[in-house]
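1. Need a 3D model of the sequence below.
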Amino acid sequence: MKKIALMFLFVLAACDASSRTNAPLHIADRDTVSEIITNGMALNSVGLGVSYAITPAPVSQMVNHGGLVLSEGINVVSIYWHTSPIYAGGPSAGTYNTTSSLADNSLIGFFLRNVGGSPWYNITSSYTTMQNVPLKNTVTYTGYWANNTNVPANGAGVLNATMVTMLQSGFDSGKIVYNPNTVYMIFSAGTVNLGRFTGSSYCAYHTYATMKINGKYQIVLYAAMPYAYSWSFGCSSFFTAPSPNNDKPAEVEINVAAHELTETQTNPINSAWYDGGRQENGDKCAWQYGDTKIAANGGKYNVTLAGKNFLIQQNWVNTTTAGCVIKY
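-> All right, here's what the predicted structure looks like:
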């Protein structure tokens, strides 16, 4: 298997998000730098997730650049953007819950409810605030929205501005509730191309926008989570058949979701933890799994959460013996 590493330049750009909010849209994606001109907006895009460069990741230590971190842990709201459940057991289309995720019976939902407090996610606690207080090993799956309105067509390229408009509609209608420590994970289906460069530059990415909520501008953290299983070369080919839970589409997505979760907590607006090569903690260990075990069905795994096995990439531990590990 080729080791796939991220090579990127760090760029932030501000522009008018929409005539409705008149707020700046911050694009903090990573990979190959490109300028996207749309609706009069120039967005400097650099993608977060996966590039196909096979140059080894830099081994320089991570540095706190003084920006925002989510010290108390991270909350998650899932937005399943499709006309029917994207993953087996997912919530019914058109439903939402702002206080509980228990109706999300998909493997995605199970993972999000159980990854917090685990030895794998505890790697995140090796990062600190500027006062050297460790970040909490906490992930709380607080709610979901199975949004079946204005669903992008299969194969459509969806701009960040479109995702922000969709999020704004959720806040305005009460389908989702704003919380500054929450990442809103936007899951799409098929070959819907969130960000327009899925598969060629990334498998998923996290970013943020400044949006007007209840009359006040707020920073909204979100992650674009395309259906990674559709991009078999760069986003799912590392999973050999079968997968540990016999749900390969969800298990492929969980691997990239884990990557985005820990990066969002340690570097939510791209001003805190990254190394001299501008890589975040998840980037430095992309597609590296360490020692694996074999499940009863023959699938490989390296992490067990509440009795279920998963194959999840390692994460970079920020200690004097720094490196890619599977637990801390």
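
2. Tell me where the model's unsure across the stretch 1-150 of the chain.
-> Low-confidence segments of the stretch 1-150 of the chain, defined by pLDDT under 70: 1-59.

3. do that again at 90, thanks
-> 1-61 (pLDDT under 90).

4. The stretch 151-300 of the chain too?
-> Per-residue confidence for the stretch 151-300 of the chain (pLDDT under 90) gives these ranges: 197-201, 231-242, 276-277.

5. Just say helix, strand or coil for the closest residue to G190 other than its chain neighbours.
-> Closest residue to G190 apart from its sequence neighbours, by Cβ to Cβ, 6 or more residues apart in numbering: N154 at 4.3 Å. C-beta: built from backbone N, CA, C; applies to glycine. What DSSP: H, G, I helix; E, B strand; the rest coil gives for N154 is coil.

6. Spit out the contact partners of N154.
-> Counting by Cβ atoms under 8 Å, 6 or more residues apart in numbering, N154 makes contact with 189-192.

7. from those, which two are the most distant?
-> Using Cβ to Cβ, the two most remote members of the contacts of N154 are A189 and T191, lying 8.6 Å apart.

8. Give me the common contacts of these two.
-> Residues touching both A189 and T191 by Cβ under 8 Å, 6+ apart: 154, 227.

9. more neighbours, the two?
-> Between A189 and T191, counted using other Cβ atoms under 10 Å, A189 has the larger neighbour count: 20 against 16.

10. Could you double-check that F111 sits in contact with I254?
-> Yes: shown here, F111 and I254 form a contact pair, counting by Cβ atoms under 8 Å, at 4.8 Å.

11. Pull up the overlap in contacts between the two.
-> F310.

12. got a list of contacts for stretch 248-257?
-> So stretch 248-257 is in contact with 49-50, 87-88, 106-108, 111-112, 185, 187, 203-204, 223, 225, 227-229, 235-236, 239, 241-245, 310-313, going by Cβ under 8 Å, 6+ apart.

13. what distance separates the start and the end of stretch 143-159?
-> 24 Å (Cα to Cα, to the nearest Å).

14. roughly how far is the helix or strand hosting I108 from the heart of the chain?
-> Using DSSP states H and E, I108 sits within helix 107-114. A distance of 14 Å separates the centroid of the chain from that of helix 107-114, by Cα atoms, centre = their mean, to the nearest Å.

15. mind checking which helix or strand the residue nearest the centre of the chain is in?
-> In the chain, the residue lying closest to the centroid (Cα atoms, centre = their mean) is E260, at 3.0 Å. Of the helices and strands defined by DSSP H and E, E260 is found in helix 248-266.

16. next one: Y141
-> Per DSSP H and E: Y141 is located in strand 139-145.

17. quick revisit: and the helix holding E260 with strand 139-145, angle?
-> 120 degrees (axes from the mean of the first three to the mean of the last three Cα atoms, to 10 degrees).

18. how far does helix 248-266 sit from the chain's center?
-> So, by Cα atoms, centre = their mean, the centroid of helix 248-266 is 6 Å from its chain's centroid.

19. May I have the strands that pair with the next helix or strand after that helix, each with its orientation?
-> Next along the chain after helix 248-266, taking DSSP H and E as the criterion, comes strand 273-274. Take DSSP bridges as the rule and strand 273-274 pairs in its sheet with strand 63-64 (antiparallel).

20. Touching the strand it pairs with from outside, list them.
-> Strand 63-64 is contacted by residues 127-128, 130, 272-276 when judged by Cβ under 8 Å, 6+ apart.

21. Between those, which sits nearest A306?
-> Looking across the contacts of strand 63-64 and measuring by Cβ to Cβ, the closest to A306 is Y127, at 24.5 Å.

22. That closest one against N318, yeah?
-> Yes: counting by Cβ under 8 Å, Y127 touches N318, with 5.1 Å between them.

23. what's the burial count for P180?
-> 12.

24. List the residues that contact it.
-> By Cβ under 8 Å, 6+ apart, P180 lies in contact with 218-219, 221.

25. Most neighbours among those residues, please name it.
-> Neighbour counts for these (other Cβ under 10 Å) peak at L221, which has 24 neighbours.

26. re the thing from before, roughly how far apart are the residue nearest to G190 and A228?
-> Distance, N154 to A228, by Cβ to Cβ, to the nearest Å: 15 Å.

27. Kindly report the same for L305.
-> Distance, L305 to A228, using Cβ to Cβ: 19 Å.

28. Which of those two has more residues huddled nearby?
-> Comparing L305 with A228 by other Cβ under 10 Å, the one with more neighbours is A228, at 27 against 20.

29. So the more buried one is in contact with E260, correct?
-> No: using Cβ under 8 Å, A228 makes no contact with E260, being 11.2 Å away.
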